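1. no letters, just coordinates:
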């Protein structure tokens, strides 16, 4: 079995070498990365990091203020677009590719197909977003296959709810949000009747914090049924068929996995129906679910999801341990909560929704994320995900425009990410700190990718017999066959000299023989002789914000 390591890339930003970085700048001013920036050499570098899957975020056409009408693409009203570049989660055509990403706009789909082919040739699998819960307010497909009816095209707008409708309507009420409907245009944005907003706002007046640029899709749930909520899944709602056809369209393009945005806002019944149909045609395809409610994890795994975000659990815990708000032993409680579904949990430290480790809002320095990386990538057999730039210590502290300075890398603006630009396209300008951190990431991820003890081995948590190191150190064992890894991660900014106890139960459970072993630290390269004795301890020195991965044959 191969350890899955997903590399999320915000495609628009990745290859952009334009250093203008003007606040709220246009495409012409700030530039944009292209699909063709992912050359064979670039993909080879990504794979060398230990990566197995590349998540190309934001490739499907979404709302933007950039005018592409000369290419037959409808223009979006800026009042219902967030930022100059727009949110990749406000889809305007599920059957199209974002024109920003193409060298030749009229050949954008061919360029995407070539990207998929290059990625596969590099030995990597392709992940793209599937955004099932909502679409852009001005959704209109100009690239849909012949015979496909557009979302909302056949809706009865005089009904708040119908299983035949793709949207929810506010009868006879115009769309009246909190903001200026002109936004610099001579004509205002008009929507009558108003449709429900993507974050389950069923009013015609979404607020500043609502997803006002989107409209909610209707999967057969009446959210306003006499003040309650009722499900209407028979006959099959029209939206189920249309969205499943979209999944099949992209699967036919060679996509290997779908990262499903806000999956828990769409009923599990739909997912069970859709994943069954897609996997029947494409048995190897994977579904990754953005689900934040731990009480729903097992429902969505049962509905066909292969992997789910472990955000409200492992991510929150590791983040707090990194920042000194919880003891390292809290990590034990998190994996135990999902132990029965552990192979389905996706661990991560960054993604486009979360603040960068190096930001002032998180740890202030990307190096402080290394112990969390060691734990998250090596602890279990389940997948691990990292966000492009994380391996260079990207801080996310730019004030790009709509995004603001919030510790996140913008998803709304035209911009370039300096660490990525240097790391992939101008390595001579990399700082020593960036090079050192990249090396550590490569070491850890390649241990995860190549060591059988990680991908196929058993896991044994050592924390219950190591109360003396509860504050900053987390220790565990991985074992496969005769190969054993003794792992210890130090979340402290100080070097830790400690004795890690290994109980007799670990020897029995993992079938470890007592004795002397020659060991090597797969991270630092140190070699020594280590005595393994049941109910005794192993002494080690663990670097600040670092770890040890001692490999031995037993």
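-> Okay, I see it. Because the structure is predicted, anything quoted here is derived from the model rather than measured. Numbers count the residues shown, from 1 in each chain.
2. name the SS class of the most centrally placed residue in the chain, please.
-> Per Cα atoms, centre = their mean, the C-alpha nearest to the average position across the chain is that of residue 351, at 5.0 Å. What DSSP: H, G, I helix; E, B strand; the rest coil gives for residue 351 is coil.
3. quick one: low-confidence residue ranges for the stretch 1-150 of the chain.
-> Judged by pLDDT under 70, the stretch 1-150 of the chain has no weakly predicted residues.
4. which parts of it are strands?
-> All strands of the stretch 1-150 of the chain, identified by DSSP state E, counting those that start in this stretch, fall at 5-10, 53-57, 60-62, 91-97, 125-130, 134-136.
5. just put those strands in TSV and tack on mean neighbour count and distance to residue 324.
-> (Each C-beta comes from the backbone N, C-alpha and C, glycine too.) Shown next, in TSV, are the strands of the stretch 1-150 of the chain (neighbours: other Cβ atoms under 10 Å; distance: least, Cβ to Cβ, whole Å):
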stretch	mean neighbour count	distance to residue 324
strand 5-10	22	27
strand 53-57	24	30
strand 60-62	25	39
strand 91-97	23	40
strand 125-130	22	33
strand 134-136	27	38
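6. any chance of these in JSON lines with distance to residue 483 as columns?
-> Shown next, in JSON lines, are these (distance: least, Cβ to Cβ, whole Å):
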{"stretch": "strand 5-10", "distance to residue 483": "20"}
{"stretch": "strand 53-57", "distance to residue 483": "25"}
{"stretch": "strand 60-62", "distance to residue 483": "43"}
{"stretch": "strand 91-97", "distance to residue 483": "44"}
{"stretch": "strand 125-130", "distance to residue 483": "26"}
{"stretch": "strand 134-136", "distance to residue 483": "47"}
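7. to residue 532, which of those strands lies closest?
-> strand 5-10 (29.8 Å; Cβ to Cβ).
8. partner strands of the closest one, parallel or antiparallel?
-> In the sheet, strand 5-10 lines up against strand 53-57 (parallel), strand 384-387 (parallel) (DSSP bridges).
9. redo these as TSV? Include distance to residue 423.
-> Shown next, in TSV, are these (distance: least, Cβ to Cβ, whole Å):
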stretch	distance to residue 423
strand 53-57	15
strand 384-387	13
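10. residue ranges with poor pLDDT in the stretch 351-500 of the chain?
-> In the stretch 351-500 of the chain (pLDDT under 70), no residue qualifies.
11. can you pull out the strands in it?
-> Under DSSP E, counting those that start in this stretch, the stretch 351-500 of the chain gives strands at 384-387, 458-461, 473-480, 483-490, 496-502.
12. would you list the ones you listed in JSON lines and tack on mean neighbour count and distance to residue 511?
-> Compiled in JSON lines, the strands of the stretch 351-500 of the chain are given as follows (neighbours: other Cβ under 10 Å; distance: least, Cβ to Cβ, whole Å):
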{"stretch": "strand 384-387", "mean neighbour count": "25", "distance to residue 511": "27"}
{"stretch": "strand 458-461", "mean neighbour count": "18", "distance to residue 511": "9"}
{"stretch": "strand 473-480", "mean neighbour count": "24", "distance to residue 511": "8"}
{"stretch": "strand 483-490", "mean neighbour count": "25", "distance to residue 511": "10"}
{"stretch": "strand 496-502", "mean neighbour count": "18", "distance to residue 511": "14"}
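13. among those strands, which is nearest residue 552?
-> Nearest to residue 552 among the strands of the stretch 351-500 of the chain is strand 483-490; the distance by Cβ to Cβ comes to 5.4 Å.
14. next, the angle from that closest one to strand 473-480.
-> Calculated by axes from the mean of the first three to the mean of the last three Cα atoms, to 10 degrees, strand 483-490 forms an angle of 170 degrees with strand 473-480.
15. what inclination does strand 483-490 have with respect to strand 496-502?
-> Put simply, strand 483-490 runs at 140 degrees to strand 496-502, going by the same axes, to 10 degrees.
16. hey, which helix is longest across this protein?
-> Assignment by DSSP state H gives helix 432-450 as the longest helix of the chain.
17. so how far is that one off the chain centroid?
-> Its chain's C-alpha centre and that of helix 432-450 lie 20 Å apart, by Cα atoms, centre = their mean, to the nearest Å.
18. also stretch 336-352?
-> 12 Å.
19. dump the residue contacts of residue 322.
-> Counting by Cβ atoms under 8 Å, 6 or more residues apart in numbering, residue 322 touches 357, 362-363, 368-369, 371-372, 491.
20. oops, could you answer that again for residue 33 instead?
-> Contacts for residue 33 were tallied using Cβ under 8 Å, 6+ apart; they are 11-16, 101, 416.
21. among the residues you listed, which ones are in helices?
-> Counting by DSSP H, the members of those that fall within helices are 11-14.
22. between the strands of the stretch 1-150 of the chain, which one is nearest to residue 426?
-> Proximity to residue 426 (Cβ to Cβ) singles out strand 5-10 among the strands of the stretch 1-150 of the chain, at 17.7 Å.
23. now the angle between strand 125-130 and that closest one, please.
-> 50 degrees.
24. gap between residue 476 and residue 320?
-> 19 Å (Cβ to Cβ, to the nearest Å).
25. try residue 115
-> For residue 115 relative to residue 320 (Cβ to Cβ), the value is 38 Å.
26. mind telling me what element the spatially closest residue to residue 518 that is not a sequence neighbour is part of?
-> Counting by Cβ to Cβ, 6 or more residues apart in numbering, residue 518 lies nearest to residue 529, which is 5.8 Å off, once chain neighbours are set aside. Secondary-structure assignment from DSSP states H and E places residue 529 in strand 527-532.
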